[in-house]
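predicted model and sequence below, questions to follow.
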Amino acid sequence: MKPAAAVVSARRAGTTVTFDQLNKYFTIQEMPVVSSRYWNMIHGANAEQARQDAEGLYTMRVLGRNMAYMLRCKEVARKVGVELPEQETPVFTNFIR
């Protein structure tokens with residue numbers, strides 16, 4: 001139940017598949033995925049170019065605020081006695097009958 005967020009840095013567009021794949025690793029471990037206002041991507045061939053991606057930087061700032069909020073909420077819940085959800089033993093099925 002640790003909040004998670006994937007961040008993708010790319011030279012150009014086309015990384016949405018990578019972003020989707022990374023988020024699947026979080027959900028398979030029962031981790032709440034923290035979002036931003038858009039996909040958590042920033043573009044540039046190097047750090048200097050990435051610093052020029054105003055929309056990407058905005059997305060990262062929103063993500064940072066949302067992550068901080070989720071972590072504060074989790075801490076408040078812990079302090080007032082809200083328990084984490086009970087975990088069940090995983091069940092794995094084979095769809096071949």
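On my side now, so go ahead. Since the model is a prediction, treat every value here as computed from it, not as a measurement.

where along the protein do the strands fall?
Applying DSSP state E to the chain gives strands spanning 8-10, 41-43.

tell me which of those is the most buried.
Comparing the strands of the chain by mean neighbour count (mean count of other CB atoms under 10 Å), strand 41-43 comes out on top with a mean of 19. Every C-beta, even on glycine, is put in place using the N, C-alpha and C of the backbone.

report the distance from that strand to the chain centre.
Computed by CA atoms, centre = their mean, to the nearest Å, the chain-centroid distance of strand 41-43 equals 14 Å.

list the contacts of that strand.
The contact list for strand 41-43 (CB atoms under 8 Å, 6 or more residues apart in numbering) reads 7-13, 15-16, 19, 49-50, 53, 56-57, 59-60.

now stretch 12-28
Here stretch 12-28 makes contact (CB under 8 Å, 6+ apart) with 4, 6, 8, 10, 33, 39-41, 43.

so which of the residues you listed comes closest to residue 74?
Taking CB to CB as the measure, residue 4 is the one of the contacts of stretch 12-28 closest to residue 74, at 12.2 Å.

and the closest one, what are its bridge partners?
As for beta bridges, residue 4 partners with residue 33 under DSSP bridges.

how about it, what does it touch?
26, 31-34.

mind listing residues that contact the helix or strand bottoming out on mean pLDDT in the chain?
Within the chain, no helix or strand scores below strand 8-10, which has a mean of 90 by mean pLDDT, DSSP states H and E. By CB under 8 Å, 6+ apart, the surrounding residues in contact with strand 8-10 are 15, 18-19, 22, 39-44, 50.

re the thing from before, among the contacts of residue 4, which one lies nearest to residue 79?
Looking across those and measuring by CB to CB, the closest to residue 79 is residue 32, at 18.3 Å.

appreciated, that's everything.
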